[in-house]
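Enquirer: All I have is the shape, not the residue letters:
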């Protein structure tokens, strides 16, 4: 299915809009760790992830493109020893919060994360993976993608969450899993090669946003503890 926002970004916004840019070294983290922290830091309940590519090399190549409720775009690109974040904004607006808010928050979280025990680091990264899977699923729903893609995205989110003790022990985790199970069952009964039914879009998106809000708060509370 066509991702119109991504097409618009690639064809027009990335070459014609103004942008602010920052870079941040990974040290003392790995490239993957700083990338995941940046994704979580740039994300919010109203932010839509319209593109994500991860690199098996753990170094360069990973990229995320986020669309903000303020109608601005953020790109996160992994570099050899860190990352680059760009915020694109339309005429009459600014990208100042990238420098005043997002970068300082990422730098603070980087230092906090570096001081945590390895097991906690691993669990935090796995929870950000669940966050990304929820975003992926929401994007599939919004562009009315094939049912099988939505089914597997929900399943990936559910299974990724099930192996994280911090997630499963948190208050509300059982309700999250029940909601994901419910939508997996509903989606499984649909023709897998057809597009997601219009009448089911509002309900699934509402549940996904409720779960996203819950997990964003959980990650932030454990990250900054």
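Expert: Sure, I can see it. Predicted model only: the values in this text are computed from it and were never measured.

Enquirer: Give me the distance between the residue nearest in space to the middle of the chain and residue 38.
Expert: Per CA atoms, centre = their mean, the C-alpha nearest to the average position across the chain is that of residue 132, at 3.6 Å. Remark: distance between residue 132 and residue 38 (CB to CB, to the nearest Å) = 12 Å. (Glycine included, C-beta is placed from N, CA and C.)

Enquirer: what's the answer for residue 204, then?
Expert: 27 Å.

Enquirer: Those two: which is more packed in?
Expert: In this view residue 204 and residue 38 are compared by other CB atoms under 10 Å, and residue 38 has more residues nearby, 27 against 22.

Enquirer: where in the protein is pLDDT low?
Expert: Counting by pLDDT under 70, the chain contains low-confidence residues at 1, 56-60.

Enquirer: and it, what are its domains?
Expert: The record's domain parsing of the chain by automatic domain parsing lists 4-115, 119-223.

Enquirer: can you point me to the longest helix in this structure?
Expert: In the chain, ranked by residue count with DSSP state H as the criterion, the top helix is helix 118-142.

Enquirer: And it, what's buried?
Expert: Judged by neighbour count (16 or more other CB atoms under 10 Å), helix 118-142 contains these buried residues: 121, 123-142.

Enquirer: what do you get for stretch 19-36?
Expert: Residues 19, 20, 22, 24, 26, 29, 31, 32, 33, 34, 35, 36 are the ones in stretch 19-36 that count as buried (16+ other CB under 10 Å).

Enquirer: what about the helix or strand that the longest helix of the chain is followed by, distance to the chain center?
Expert: Per DSSP states H and E, the first helix or strand lying C-terminal to helix 118-142 is helix 147-162. The chain centroid and the centroid of helix 147-162 are separated by 14 Å under CA atoms, centre = their mean, to the nearest Å.

Enquirer: What helices and strands are in contact with the helix or strand following helix 147-162?
Expert: Of the helices and strands lying after helix 147-162 in sequence (DSSP H and E), the nearest is helix 165-169. Helix 165-169 sits against helix 118-142, helix 147-162, helix 201-223, with contacts defined as 3 or more CB pairs under 8 Å, 6 or more residues apart in numbering; DSSP states H and E.

Enquirer: What lies in contact with helix 165-169?
Expert: Helix 165-169 has contacts (CB atoms under 8 Å, 6 or more residues apart in numbering) with 120, 123, 124, 126, 127, 130, 161, 162, 173, 215, 218, 222.

Enquirer: and that helix, how far out from the chain's middle?
Expert: With CA atoms, centre = their mean, you get 19 Å for helix 165-169.

Enquirer: Any buried residues in that helix, and which?
Expert: Buried residues in helix 165-169, counting neighbours by 16+ other CB under 10 Å, are found at 166, 167.

Enquirer: coming back round to it: just list the residues touching the residue nearest to the centre of the chain, thanks.
Expert: Counting by CB under 8 Å, 6+ apart, residue 132 touches 39, 49, 52.

Enquirer: Excluding chain neighbours, what is closest to the first one?
Expert: Once its chain neighbours are removed from consideration, residue 39 has its nearest residue in residue 64; the separation is 5.5 Å (CB to CB, 6 or more residues apart in numbering).

Enquirer: helix or strand right after the helix or strand containing that neighbour?
Expert: Per DSSP H and E, residue 64 falls inside strand 63-67. Remark: after strand 63-67, the chain's next helix or strand is strand 73-79, criterion DSSP H and E.

Enquirer: Now do that next one: which elements does it pack against?
Expert: helix 31-42, strand 63-67, strand 82-89.
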